[in-house]
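Engineer: Dropping the sequence and predicted coords here.
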Amino acid sequence: MTLADTYEKAEQYISEMPKFTQKNGLDDTKLFLEILGSPEKGKKIIHVAGTNGKGSVCAYLCSILTKAGYCTGLFTSPHLVEMRERFRIGQALITKEMFLQGFLTVMERLEEMRKISGNPKYHPTFFELLFLMGMVIFREERVEYIILETGLGGKLDATNAVQKPELTVITSIGYDHMKYLGNTIEEIAGEKAGILKPGIPVIFCDKRKEASEVIQKRAEILGNKAVGVKSDEYFYNKLTNKGIDFFMYSLYYGYIRLKLDTVALYQAENAAIAIRCIEQLPDGRGIGREQIEEALEEAFWEGRMEEVLPGVYVDGAHNEDGIRAFIRSVEADGCRGKRYLLFSAVGDKDYEGMIDILKGSGLFMEAVAVGIHDIRGIEPERLAGHFEGMSCRFAVDVIEALYDLLSRKREEDFIYIAGSLYLVGEVKAWLRRKSDD
């Protein structure tokens, strides 16, 4: 009996698997890769971990390598609307047929995996299955590079089954997923640094001293070249309501002027990390200045200060550092009217700390706390209670709350939607349905 004969059925099967179950051991993932014929072998893999900015760095890397003529696979998480967003070949999502075939290829070998592992009840976790599918899909599509984003942490992440990456990358480190990764920056950085492999260079965001020291120490033990990216290595030239114009000193071309099609100020840091990665690749010397400039200007990563309607922005900020970065971008928005905030969060985040930062900014005239369709979502009334001291109400339905804000919004007003990628996904799914009608 076939588990699924359509993309929709495959997606439904995966969706019904618990996302936060007990992980299988990394040895299980490595064994399954071997049973699948080691699809990662022969690929140039860039392995990316971190708290904030992982997906953006991955997107910029993919854009640069694609512009330079390399067939590049991109594996990221989470998705916003549909599951195949996690897999791209160049700038394009994989097709539904590719997704289905990847799913079937992995699941057809499940019984063999159970026999060889000696575990008759083995089943890949939600994330592990998607990772295995990605490796199979990228092999079939004959990609040269794979940009691989970790799911959670690093050391025990399913993606860490890859043994010989071309490069490892650690983006900004902050407080998130403390239940799994530890309660201090040093502990969290240690988990992220678990992706480092002997002799493989690591590029890292050199912003937080305690995190940088952990990464550098680990790199020294393994004999790795460690390249930190500091905030003084790039500087803004011009900010508009449509994009960012900044300069950065590059290894091969001296100072280069870069433009990003986003108002998210934090993306300059992520673009700078991507450039440092390119410089450390053996193929990097052959990638031209113009290719880098064009690739970054053309790159687009959904849900990061993205204007989805005139004057309506969604941002995936979902932890305290993310909210701080979000606030810096809002401060520079040039808004001539009022700012409204639509906010939600999930229970395993420090949503009280996030709300304190939002309140303290004094940027929003009114907030609306909403619920989201996720098992970890927080009741909107409970969220609203933490906005004490500023105008805030709560609403059960995200779209009804957004409609209400849109009905009151004047042309000079801005609406911001932040606090959770799940919230961003719900809004974008509604917009997609609306455009299809």
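Structural biologist: Arrived safely, thanks for sending. Treat the numbers as computed from the prediction; the structure is a model and nothing was measured.

Engineer: Could you report the distance from residue 355 to residue 383?
Structural biologist: 7 Å (CB to CB, to the nearest Å). The C-beta positions use only the backbone N, C-alpha and C, and glycine is treated the same way.

Engineer: Return every residue with contacts to both of these two.
Structural biologist: residue 343 (CB atoms under 8 Å, 6 or more residues apart in numbering).

Engineer: just the strands in the stretch 251-400 of the chain please.
Structural biologist: 254-260, 306-309, 312-314, 339-343, 366-370, 392-395 (DSSP state E, counting those that start in this stretch).

Engineer: Using a markdown table, please lay out the ones you listed together with mean neighbour count, distance to residue 2 and mean pLDDT.
Structural biologist: Converted to a markdown table, the strands of the stretch 251-400 of the chain look like this (neighbours: other CB atoms under 10 Å; distance: least, CB to CB, whole Å; pLDDT from 0 to 100):
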| stretch | mean neighbour count | distance to residue 2 | mean pLDDT |
| --- | --- | --- | --- |
| strand 254-260 | 16 | 45 | 94 |
| strand 306-309 | 16 | 38 | 96 |
| strand 312-314 | 23 | 37 | 97 |
| strand 339-343 | 24 | 42 | 98 |
| strand 366-370 | 24 | 39 | 96 |
| strand 392-395 | 19 | 42 | 95 |
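
Engineer: Give the next helix or strand downstream of the helix or strand hosting residue 116.
Structural biologist: Assessed by DSSP states H and E, residue 116 sits inside helix 110-117. Counting by DSSP H and E, the element after helix 110-117 in chain order, helix or strand, is helix 126-140.

Engineer: For that next one, buried residues please.
Structural biologist: For helix 126-140, a neighbour-count test (16 or more other CB atoms under 10 Å) marks 126-139 as buried.

Engineer: residue contacts, residue 211?
Structural biologist: If you count contacts by CB under 8 Å, 6+ apart, then residue 211 has 173, 185-186, 188-189 around it.

Engineer: In helices only, show me those residues.
Structural biologist: Those of the contacts of residue 211 mapping onto helices are 185-186, 188-189, per DSSP state H.

Engineer: Those residues, buried ones only, as a PyMOL selection?
Structural biologist: To isolate the buried members of these in PyMOL, using 16+ other CB under 10 Å:
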select buried, resi 185+188+189
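
Engineer: out of the ones in helices among the contacts of residue 211, who's nearest residue 29?
Structural biologist: Relative to residue 29, the closest of these is residue 188; by CB to CB it sits at 21.9 Å.

Engineer: how much does the helix holding residue 116 deviate in direction from helix 126-140?
Structural biologist: 110 degrees (axes from the mean of the first three to the mean of the last three CA atoms, to 10 degrees).

Engineer: pLDDT on helix 110-117, on average?
Structural biologist: For helix 110-117, the mean per-residue pLDDT is 96.

Engineer: likewise stretch 88-107?
Structural biologist: pLDDT averaged over stretch 88-107 gives 97.

Engineer: what does stretch 286-293 give?
Structural biologist: Mean predicted confidence for stretch 286-293 is 96.

Engineer: Alpha carbons only: can I get that stretch in PDB?
Structural biologist: Written as PDB, here are the backbone C-alpha positions of stretch 286-293 (Å, rounded to 0.1, in the frame of the first residue of the first chain):
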ATOM      1  CA  GLY A 286      36.100  33.000  -8.900                       C
ATOM      2  CA  ILE A 287      32.900  34.700  -7.900                       C
ATOM      3  CA  GLY A 288      33.000  38.300  -9.200                       C
ATOM      4  CA  ARG A 289      32.100  41.500  -7.400                       C
ATOM      5  CA  GLU A 290      29.200  42.300  -9.700                       C
ATOM      6  CA  GLN A 291      27.800  38.800  -9.200                       C
ATOM      7  CA  ILE A 292      27.800  39.300  -5.400                       C
ATOM      8  CA  GLU A 293      26.300  42.800  -5.700                       C
END
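
Engineer: What lies in contact with it?
Structural biologist: Counting by CB under 8 Å, 6+ apart, 64-65, 67-68, 250, 252-253, 256-259, 275, 278 sit against stretch 286-293.

Engineer: same thing but at 7 Å, please
Structural biologist: Residues from elsewhere that reach stretch 286-293, judged by CB atoms under 7 Å, 6 or more residues apart in numbering: 64, 67-68, 253, 256, 258, 275, 278.

Engineer: Export the buried residues of helix 126-140 as TSV, with columns for distance to residue 119 and pLDDT.
Structural biologist: Listed next are the buried residues of helix 126-140 as TSV, based on distance: CB to CB, whole Å; pLDDT from 0 to 100:
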residue	distance to residue 119	pLDDT
126	18	94
127	18	95
128	14	96
129	16	97
130	20	98
131	19	98
132	16	98
133	20	98
134	23	98
135	21	98
136	21	98
137	25	98
138	27	98
139	25	98
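
Engineer: any idea how far the nearest residue to residue 141 once chain neighbours are set aside lies from residue 39?
Structural biologist: Excluding the flanking residues, the one nearest residue 141 by CB to CB, 6 or more residues apart in numbering is residue 89, at 5.5 Å. Per CB to CB, residue 89 is found 14 Å from residue 39.

Engineer: How about residue 212?
Structural biologist: Counting by CB to CB, the gap from residue 212 to residue 39 is 34 Å.

Engineer: again, but for residue 196
Structural biologist: Distance from residue 196 to residue 39, by CB to CB: 23 Å.

Engineer: Those two: which has the busier surroundings?
Structural biologist: residue 196 (26 against 21; other CB atoms under 10 Å).

Engineer: Got the domain ranges for this structure?
Structural biologist: 7-298, 306-436 (automatic domain parsing).

Engineer: Ramachandran coordinates for the residue nearest to residue 141?
Structural biologist: Residue 89 has phi and psi values of phi -110, psi 110 when expressed as degrees, to the nearest 10.

Engineer: Let me know how buried it is, in neighbour terms.
Structural biologist: Residue 89: 20 neighbours (other CB under 10 Å).

Engineer: what sits against it?
Structural biologist: Contact analysis of residue 89 by CB under 7 Å, 6+ apart lists 73, 141, 143.

Engineer: try residue 162
Structural biologist: Residue 162 neighbours (CB under 7 Å, 6+ apart): 40, 45, 47, 148.

Engineer: try residue 51
Structural biologist: Counted by CB under 7 Å, 6+ apart, residue 51 has contacts 172-174, 176, 188, 319, 321.

Engineer: can you redo those residues as TSV with distance to residue 56 and pLDDT?
Structural biologist: As requested, these are exported to TSV (distance: CB to CB, whole Å; pLDDT from 0 to 100):
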residue	distance to residue 56	pLDDT
172	10	95
173	15	94
174	15	89
176	16	79
188	19	94
319	15	93
321	14	93
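
Engineer: Name the residues of the helix-or-strand element of the chain with minimal mean pLDDT that are buried.
Structural biologist: The helix or strand of the chain with the poorest confidence is helix 178-181; it has a mean of 74 (mean pLDDT, DSSP states H and E). Judged by neighbour count (16+ other CB under 10 Å), helix 178-181 contains these buried residues: residue 181.
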